[in-house]
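K.L.:
Fold the following for me, if possible:
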Amino acid sequence: MSSTAKKKGKKRRQIRRKLLHKYRLVILNESTFEEKISFKLSRLNVFVTGSLFIIGLIALTTLLIAFTPLREYIPGYSSTKLKKQATDLTYKTDSLVANLENTNRYIETIRMVLSGDIETEETNLDSIREQFELDPSSIDLTPIKEDSMLRAEVEMEDKYNLFERETTGAELVLFPPLSGVVSNTYDAGKRHYAVDITAPMNTPVKAVANGTVIFAEWTAETGYVILIEHKEGLLSVYKHNGSLSKEQGDIVRSGEVIASVGNTGEFTTGPHLHFELWSDGDTVNPLDYIDF
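P.N.:
Coordinates of the predicted model:
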């Protein structure tokens with residue numbers, strides 16, 4: 001065995017001896033020097049005990065921080081209440097953004113109604129007809145017994161409910177706003193999205209259906225204007241009135257007087273009513289829904 005190996009072995013034995021060497025820790029009475037408590041310790045025992053104590057202290061501190069409110073007092077940790085408030089604010093922000101987008105679309109629709117500024121897109125009607133064209137000879141149109149019975153029942157109910165029918169969005173019955181002469185019809189090509197009805201000054205103008213007044217003001221181009229919002233996304237517009245009988249926010253019934261015929265605004269050519277119908281942001285021909 002070489003001298004180097006002997007030195008290394010001797011050094012290991014010295015280290016082991018130091019680690020395992022026993023020491024006695026004695027606690028004495030200072031007055032009588034009476035031995036009260038004594039411990040046999042070694043460097044290895046002290047090192048192991050101290051390491052376990054430090055590990056236990058770290059684990060206990062971690063548990064206290066993770067599972068108790070004490071973590072709220074440590075910089076960098078947010079409280080549970082603040083996290084909940086932040087989450088609620090996030091949901092409210094998303095809701096407000098959605099409401100704002102809906103409101104902006106609604107306001108844009110109102111702006112288009114008032115200004116008549118609408119972009120029309122040409123539609124290929126032939127291609128639509130080809131998609132939905134059916135051969136009548138391939139369909140059995142013979143009514144079945146249940147269908148005949150249902151038709152008879154509906155006809156009997158309608159016979160006694162002429163004035164109190166439940167209407168849906170597909171068959172909404174509209175009341176004529178004015179009795180007069182149609183002087184100008186709906187023409188999208190000329191950007192005239194309305195029907196002009198001439199009548200004597202101060203003739204009552206009536207609501208075409210139940211709804212809520214969403215605009216009732218004076219405009220320089222179209223004079224006194226009133227807009228009524230109905231169900232199923234329908235808007236009715238009455239322009240060039242001489243006066244208004246309703247205000248914004250009023251609830252109106254079908255056939256109720258809302259204004260009077262006038263000759264107000266820059267674009268008028270005489271006493272008449274400029275009447276428009278809008279459905280879900282698009283103009284429709286009033287003559288398709290109302291018999292003037």
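K.L.:
since we're on the closest residue to Thr219 other than its chain neighbours, how many residues are nearby?
P.N.:
Spatial nearest neighbour of Thr219, excluding adjacent residues (Cβ to Cβ, 6 or more residues apart in numbering): Val225 at 5.5 Å. From N, CA and C alone the C-beta is placed, and that goes for glycine too. For Val225, the count of nearby residues is 23 (other Cβ atoms under 10 Å).
K.L.:
For the helix or strand hosting Val225, list the C-alpha coordinates in PDB.
P.N.:
If you go by DSSP states H and E, Val225 is part of strand 223-229. Provided in PDB are the C-alpha atoms of strand 223-229 (Å, rounded to 0.1, in the frame of the first residue of the first chain):
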ATOM      1  CA  GLY A 223     -88.300  67.700 -40.100                       C
ATOM      2  CA  TYR A 224     -90.100  66.000 -37.200                       C
ATOM      3  CA  VAL A 225     -89.200  62.300 -37.200                       C
ATOM      4  CA  ILE A 226     -90.500  59.500 -35.000                       C
ATOM      5  CA  LEU A 227     -89.200  55.900 -34.900                       C
ATOM      6  CA  ILE A 228     -91.100  53.100 -33.300                       C
ATOM      7  CA  GLU A 229     -89.500  49.700 -32.400                       C
END
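K.L.:
ok now it, how far from the chain's centre?
P.N.:
Here strand 223-229 is found 27 Å from its chain centre; the criterion is Cα atoms, centre = their mean, to the nearest Å.
K.L.:
List the buried residues in the next helix or strand after it.
P.N.:
Downstream of strand 223-229, the first helix or strand assigned by DSSP H and E is strand 234-244. By neighbour count with 16 or more other Cβ atoms under 10 Å, strand 234-244 contains the buried residues Leu234, Leu235, Ser236, Val237, Tyr238, Lys239, His240, Asn241, Gly242, Leu244.
K.L.:
which helices and strands does strand 234-244 pack with?
P.N.:
Helices and strands touching strand 234-244, by 3 or more Cβ pairs under 8 Å, 6 or more residues apart in numbering; DSSP states H and E, are helix 80-115, strand 211-219, strand 223-229, strand 257-261, strand 272-279.
K.L.:
Packing partners of the helix or strand following it?
P.N.:
Toward the C-terminus, strand 234-244 is succeeded by strand 251-252 as the next helix or strand (DSSP H and E). Counting contacts by 3+ Cβ pairs under 8 Å, 6+ apart, strand 251-252 packs against strand 211-219.
K.L.:
Now the strand it packs on: average pLDDT?
P.N.:
The average pLDDT within strand 211-219 is 93.
K.L.:
how big is the angle separating it from helix 80-115?
P.N.:
Between strand 211-219 and helix 80-115, the angle comes out at 60 degrees (axes from the mean of the first three to the mean of the last three Cα atoms, to 10 degrees).
K.L.:
who does strand 211-219 pair up with?
P.N.:
strand 223-229 (antiparallel), strand 251-252 (antiparallel) (DSSP bridges).
K.L.:
Report the angle between it and strand 257-261.
P.N.:
Using the same axes, to 10 degrees, the direction of strand 211-219 lies 30 degrees away from that of strand 257-261.
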